[in-house]
Each structure stands twice: as C-alpha cells, then as structure tokens.
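Novice: when you get a sec, could you give me coordinates for this:
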Amino acid sequence: MQNYIWSGEKVRLRPVLASDWEKFHLNDLDSEGARHCDVIYFPRSEEGTKAWAANQAGNVPVSDNIMLAIETLDGELVGSMSTSSCDRRHGTFKYGVAIFREHWRKGYASDAIKILLRYYFEELRYQKVTAHVYAFNEGSVALHERLGFVQEGRLRNMIFTKGQHFDECLFGLTKGEYENMTK
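Specialist: Next up is the predicted model:
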C-alpha cells in the first residue's frame, strides 16, 4: 500500500467505522484531551457513542467537509481529523486533528496533517488552509510552526475552559508554502 494516497510514513486516514466506538468512548473520558481539541461535553453513554460512531460510518461527505479516523499503518486507531468550511470558489478550508492521549508525541498528528494537505492541495486544487489552535495547547502551536504554518492572527478570549478565557491562534498555510515544505 506504499502509493496509497491516504497513507503516510506512520499513519493512514480512513472512514470512521461503527466498530471504532469503544476507542472514541474511552477518549471522551479524557477531559484534558477534550479541552485541547474542542470542549468538555456532558457525559455520553456507551449506547450514545455507538450511535455516534454508526452515524459517522454512514455519513457521506458534504462538499469536501469530512471526518476521518487516523490509524497506524498496523491498523491501531489513534485519533481523528476533520475538514470544515471547505470553499471551492476561494480554494480555502479548515481542519482539526485530535490524537488520543496515549499516542501524543509520536508524530501521528504531523503525518496525518501532511496526508490531508497533500490530498486537498494536489488533488482538489485548494490553495489555502487554516487551523484554529487554542493558545494553551503548546504542543499544537509548536506542531503547526514546525510544519511551516504562519500565525496569521490571535483572537483574544475566545475559548472558555477551566474557569477562564484563553486566546485562539489562527495558523495558515498556502499551497506555495506547502510546496516549499515538501521539496
């Protein structure tokens, strides 16, 4: 599967499967991980997570917006990523990535982002990507800087968690910057 467009050096992207529910359910119990990727929601039952995974498995992409599972090349589910605000007219999109805590700092997020960028820039003709990163998520800030993203802005007091407000950093990468990154 070396030339499979959805594979990288460490991970591959694939659809979310109904059978993935248990890993996602366990991840939902990690409050600090949830805080870094999104927000802490009300608890969800196992049946609720099973229904969510089954719904994701049955979803057909709307435009170029999609939710994908991230698994190692050995087939272990390690996280997910999604695209949003895909605008073909302007050639812009956003994405988010979440790696389960026990798999942090193994290069999986970086590899998954590279796979996604390759597809959106080289196959779908997008010309710009934006990532919104919570300022307190120092690992994600460093990751995007390492990948060549430029911090284009900072929205003050946009995220409320742990009893206080935090800034949100806006990172952008153009297709030209991506091409320089891949040389």
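Novice: check the gap between Ser19 and Ala57 for me.
Specialist: Shown here: Ser19 relative to Ala57, a distance of 8 Å by CB to CB, to the nearest Å. Every C-beta, even on glycine, is put in place using the N, C-alpha and C of the backbone.
Novice: in the sheet, which residues pair with Val129? Tell me.
Specialist: Counting by DSSP bridges, Val129 forms beta bridges with Phe93, Leu173.
Novice: count the residues that sit near it.
Specialist: 24 (other CB atoms under 10 Å).
Novice: please apply the same query to the one 4 residues further on.
Specialist: Using other CB under 10 Å, the number of residues around Val133 comes to 23.
Novice: one step back: higher neighbour count, Ser19 and Ala57?
Specialist: Neighbours per residue, other CB under 10 Å: of Ser19 and Ala57, the larger number sits with Ala57, 15 against 12.
Novice: so how far is Gln56 from the nearest residue to the more buried one once chain neighbours are set aside?
Specialist: Leaving aside its sequence neighbours, Ala57 sits nearest to Ala18 (CB to CB, 6 or more residues apart in numbering; 4.5 Å). Applying CB to CB, the value for Ala18 to Gln56 is 8 Å.
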